[in-house]
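Colleague: let's see this in three dimensions:
(one chain, ligands or ions: 2)
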Amino acid sequence: MTNISCALTIAGSDPSGGAGIQADLKTFQELQTYGMSVITSLTAQNTTGVQGVHHAPIDFINQQIESITNDIPVHAFKTGMLASVEVMETVAKHAAKIDAPFVMDPVMVATSGDPLIAEEAQDYLKAHLLPLTTVVTPNVPEAETITGLTIRNLNDMENAARMIVKKFGAKSALVKGGHIIDKEKAVDVFYDGESFHRFTSKRIYTKNTHGTGCTLSAAITAYLAKDYPILQAIEYAKTYITQAIEHSLDIGEGSGPTNHWAPRIKKEMEIS
Ligand SMILES: Nc1ncnc2c1ncn2[C@@H]1O[C@H](COP(=O)(O)OP(=O)(O)OP(=O)(O)O)[C@@H](O)[C@H]1O
Ligand SMILES: Cc1ncc(CO)c(N)n1
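Modeller: Ligands and ions are numbered 1, 2, ... in the order given. Reported below is the predicted structural model:
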């Protein structure tokens, strides 16, 4: 057997290529992991919003996961858009059996503000999925929905991260600060049940942030698949997303996508 690292995403498709499965596979590829994908929902969306959604039948989601796990090792996996309680039940059943780090991006609304999961699914996510996760990566509105707290600053983010671990049973939480308006910095807060860490980057002024959350969680998954410890995986993933936003692409009328080749080109330039 080769010692390639295999990473799996279980998420929705974004045909415009900026978020969802497409962002995850681009990230896995750039970070030299073997990327696999189970598609839970097809969306019709672009940089301006979500125009339509079509869900895969539950049995078929189950079959896709079985096809992969019966044949290929999974060294780390992530979830994105899980639109209903039924999809979550299927994922929870498999997640409990896969012996690998589980990164959950608790996708609830698109960057454009369009809802991506049923409201009752939020309760299921809290009760049954969070306890299975190695790390959960909510943005501020998602962390507010999960905890019921109002989040305005870094202290509030720490309280939310603590509650997600202590009350809801996630092994660790990374509350992302992309939505907290700080003129200079984009700070994400991490808590693992023992201590807090802050991951800080410069803030980039751009409207092109479609798929940033998907990309960050896919990069964390790739580094975990490669066996990096969690803090290192997040630090490297944060560098990746920052460069991908810094060179994001002005494609489409709305919020354009991140640039997945920018981090590699920067690295190549540093080496040469
Ligand atoms: N303008 C920015 N400049 C620098 N970093 C940013 C910016 N916006 C977001 N980030 C970073 O990008 C990562 C993703 O965070 P964000 O809060 O945007 O996720 P999200 O809302 O889940 O994304 P999505 O738009 O895909 O739903 C985090 O590390 C965050 O700090
Ligand atoms: C399919 C999909 N997953 C996640 C997001 C969140 O950015 C999105 N816009 N679309």
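Colleague: what's near enough to touch Ala7?
Modeller: With contact taken as C-beta atoms under 8 Å, 6 or more residues apart in numbering, Ala7 is in contact with 28, 33-36, 74-78, 218, 221-222, 225. Glycine gets a C-beta too; all of them are placed from N, C-alpha and C.
Colleague: do that again at 6 Å, thanks
Modeller: Counting by C-beta atoms under 6 Å, 6 or more residues apart in numbering, Ala7 touches Phe28, Thr33, Gly35, Ala76, Thr221, Ala222, Ala225.
Colleague: which one (most neighbours) among those residues?
Modeller: Within the contacts of Ala7, most neighbours by other C-beta atoms under 10 Å means Thr221, with 33 neighbours.
Colleague: for ligand 2, see how far away that one is.
Modeller: Separation of Thr221 from ligand 2 (C-beta to the nearest ligand atom, to the nearest Å): 14 Å.
Colleague: helix or strand: which one has that residue?
Modeller: According to DSSP states H and E, Thr221 maps onto helix 212-225.
Colleague: other SSEs contacting that helix?
Modeller: Taking 3 or more C-beta pairs under 6 Å, 6 or more residues apart in numbering; DSSP states H and E as contact, the helices and strands that helix 212-225 lies on are strand 6-13, helix 20-30, strand 76-79, strand 102-104, helix 230-246.
Colleague: would you turn these into TSV with mean pLDDT and distance to ligand 2?
Modeller: What follows is the helices and strands packed on helix 212-225, written out as TSV (pLDDT from 0 to 100; distance: least, C-beta to the nearest ligand atom, whole Å):
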stretch	mean pLDDT	distance to ligand 2
strand 6-13	98	3
helix 20-30	98	3
strand 76-79	98	10
strand 102-104	98	12
helix 230-246	97	13
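Colleague: need those in TSV with distance to Asp182, can you?
Modeller: As requested, the helices and strands packed on helix 212-225 are exported to TSV (distance: least, C-beta to C-beta, whole Å):
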stretch	distance to Asp182
strand 6-13	29
helix 20-30	24
strand 76-79	27
strand 102-104	25
helix 230-246	14
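Colleague: for Met157, which of those is the nearest?
Modeller: With C-beta to C-beta as the measure, helix 230-246 is the member of the helices and strands packed on helix 212-225 nearest Met157 (14.5 Å).
Colleague: so where is the stretch 151-272 of the chain shaky, pLDDT-wise?
Modeller: 181, 272 (pLDDT under 70).
Colleague: around ligand 1, which positions in it sit nearby?
Modeller: Contact residues (C-beta under 6 Å from any ligand atom) of the stretch 151-272 of the chain with ligand 1: 176-179, 186, 188, 201, 203-204, 209, 211-214, 216, 238, 241-242, 245.
Colleague: now the helices for this protein?
Modeller: Counting by DSSP state H, one finds helices in the chain at the ranges 20-30, 58-69, 85-95, 119-124, 140-147, 154-166, 212-225, 230-246, 262-271.
Colleague: buried deepest among those helices, which one?
Modeller: Neighbour counts (mean count of other C-beta atoms under 10 Å) averaged over each of these peak at helix 212-225, with a mean of 29.
Colleague: that helix to helix 230-246, inter-axis angle?
Modeller: Helix 212-225 and helix 230-246 are oriented at 140 degrees to each other (axes from the mean of the first three to the mean of the last three C-alpha atoms, to 10 degrees).
Colleague: before we move on, back to that, Ala44: which of the helices and strands packed on helix 212-225 is closest?
Modeller: Using C-beta to C-beta, the helices and strands packed on helix 212-225 put strand 6-13 closest to Ala44, at 9.6 Å.
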